[in-house]
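J.: Curious how this folds, go ahead:
(4 chains)
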Number of protein chains: 4
Amino acid sequence: MQIPEFITHEDVMFFDTDCAGVVNNIAYLRMIETCRTHLGASMGMNLKEMANNRLFPAVVRTEIDYRIPAVLGDRVKILGKLDKLGRARFWCSFVMTRDTDDKVLVTCRQSLALVQMSSDQEGRPTRIPQEWHQQWAKALT
Amino acid sequence: MQIPEFITHEDVMFFDTDCAGVVNNIAYLRMIETCRTHLGASMGMNLKEMANNRLFPAVVRTEIDYRIPAVLGDRVKILGKLDKLGRARFWCSFVMTRDTDDKVLVTCRQSLALVQMSSDQEGRPTRIPQEWHQQWAKALT
Amino acid sequence: MQIPEFITHEDVMFFDTDCAGVVNNIAYLRMIETCRTHLGASMGMNLKEMANNRLFPAVVRTEIDYRIPAVLGDRVKILGKLDKLGRARFWCSFVMTRDTDDKVLVTCRQSLALVQMSSDQEGRPTRIPQEWHQQWAKALT
Amino acid sequence: MQIPEFITHEDVMFFDTDCAGVVNNIAYLRMIETCRTHLGASMGMNLKEMANNRLFPAVVRTEIDYRIPAVLGDRVKILGKLDKLGRARFWCSFVMTRDTDDKVLVTCRQSLALVQMSSDQEGRPTRIPQEWHQQWAKALT
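T.: Okay, the predicted model is just below:
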């Protein structure tokens, strides 16, 4: 089975930029979250179900490298991939490129846990589903 | 009894600005939400209790006028006031001024409802508390 | 000539929601800004040119009514239209609907000015282009 | 000379949280940016001067670990420190703690470059100022 991946596109808007004239470092993480959420949905983490079951992916660590800044009006591609599966964590990687010249703007890696939220806002980490290991562990090695 | 009011201060940060060199129109609403939430707390809407009771103020309408833009490094004052009380709505008004010259940057008016959220994300509007009317209705006329 | 309009779509993401379980009032304005910017581009306000010429549309006033909240995983349609042309202002209107049942979630109206930014961050309002009046004034009456 | 450090405080607002009931991972980075910008100002990077000179600190890399989530109404302390000085980069570290029990919520490390922006939005990295090395290099070893 193939490694799960998902591609999203974003047009750089005013609210993405700051007065230095380029995209603010935080805005890229919003674009990455959109890609990651679609990637998760493609792996079975349906958004509507999550909201009902209150089992949510929680970012545990982010590493992000800013290489070339995007500017207003750029069209950006975000390629997200499942990168690694552990018992209680999984890792995703992201590459953001600019459509006009395919240059890499940003690379990012995030580890996530699956957290079962209770009604009193306490979260309990849960195991990464067995099916994920069965489906993708081989392809990831 | 005096009309409830609350003052907050914000330093304009990079993420508040956009590539036009001034504060993005959306960022002012984040600053206003901070002021409004503190104003609400001063009126008895404790944040921790709200999260537990799941009784939340919901913005029903916003009117905002942008007069003079703030820029990076400006210090801004936000004065929020309770403006009107209805049976199922209340109104707050906000004036944002720049510290250096006291010029009015933004004026805003918001109406809010109190919404009881159930576990299935359905919201049910509730009455404005009687005590609010008893305490402030007179001062507001 | 037809009135300029533009349709965008958004999937509600985690960062759009807040702990009340629904989309935060500010997030809708980001979605509206995306629609408005595409609408502007379709009317001739090219993003790349704007960044170079430093002639920017500036929101002067927003009126927004929140009717039904969107939740995580909803797909939302934003229909933006040019609504009115003045000498120094133009107005746009927006209707946000939920894809599943076409219910109206949010309606919004914004007036904008075209502002020429100088290098010292001073903005000077400019006239609405004659061509806009020639192309669309008739259709708007 | 002492290592530059700066402390900011934030009250967790609705817009910081998401529908999982806790602060969204991106919101912490906005809080960190506020702390970092004040830290920079205390090191001589005046915001008003930056906007005029167009010499800006640009985040080159972020590493952030999410340990315990903050929730609505929490008061959070952000302690930022200069961590390391290179020729073309400097590093800052951040620790976010919850006021009620002093528990560490988030730790973060960011490297930054100083970038001279030209009017055509091209950025040219510049050297870390000699005075920074003279003032703080010793204390940092």
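J.: residue contacts, A:Leu112?
T.: Contact analysis of A:Leu112 by C-beta atoms under 8 Å, 6 or more residues apart in numbering or on different chains lists A:Pro57, A:Ala58, A:Val59, A:Val60, A:Arg89, A:Phe90, A:Trp91, A:Cys92. All C-beta spots, glycine's among them, are computed from the backbone N, C-alpha and C.
J.: need the next SSE after the helix or strand it falls within, C-terminal direction.
T.: Per DSSP states H and E: A:Leu112 is located in strand A:104-117. Later in the chain than strand A:104-117, the nearest helix or strand by DSSP H and E is strand A:123-126.
J.: Run through who's touching that following strand.
T.: Strand A:123-126 is contacted from outside by A:Leu55, A:Ala58, A:Ala88, A:Ala113, A:Leu114, A:Val115, A:Gln116, A:Met117, A:Ser118, D:Ala20, D:Val22, D:Pro69, using C-beta under 8 Å, 6+ apart.
J.: Tell me the spacing between the nearest residue to the fifth one once chain neighbours are set aside and D:Val23.
T.: Nearest in space to A:Leu114, with sequence neighbours left out and distances taken as C-beta to C-beta, 6 or more residues apart in numbering or on different chains, is A:Thr126 at 4.9 Å. Applying C-beta to C-beta, to the nearest Å, one obtains 20 Å for the distance of A:Thr126 from D:Val23.
J.: A:Arg109 too?
T.: The gap separating A:Arg109 from D:Val23 is 21 Å, by C-beta to C-beta.
J.: So for the two, which residue has more residues nearby?
T.: Higher neighbour count among A:Arg109 and D:Val23: D:Val23, with 26 against 16, using other C-beta atoms under 10 Å in any protein chain shown.
J.: So the more buried one sits against D:Val71, correct?
T.: Yes: using C-beta atoms under 8 Å, D:Val23 is in contact with D:Val71, at 7.0 Å.
J.: Name the residues contacting each of these two.
T.: Common contact partners of D:Val23 and D:Val71 (C-beta under 8 Å, 6+ apart): D:Val12, D:Thr17.
J.: since we're on A:Ala137, how many residues are nearby?
T.: Counted with other C-beta under 10 Å, A:Ala137 comes out at 13.
J.: Correct me if wrong: A:Met1 contacts A:Trp136.
T.: Yes: here A:Met1 reaches A:Trp136: they are 6.2 Å apart, a contact under C-beta under 8 Å.
J.: okay, these two: which has more neighbours?
T.: Between A:Met1 and A:Trp136, counted using other C-beta under 10 Å, the more crowded position is A:Trp136 (19 against 9).
J.: So what does the more buried one look like in phi/psi?
T.: Per-residue torsions, A:Trp136: phi -120, psi -10 (degrees, to the nearest 10).
J.: That one contacts A:Lys84, doesn't it?
T.: No: in this structure A:Trp136 lies outside contact range of A:Lys84 using C-beta under 8 Å: 9.8 Å.
J.: Quick check: end-to-end length of stretch A:41-58?
T.: 14 Å (C-alpha to C-alpha, to the nearest Å).
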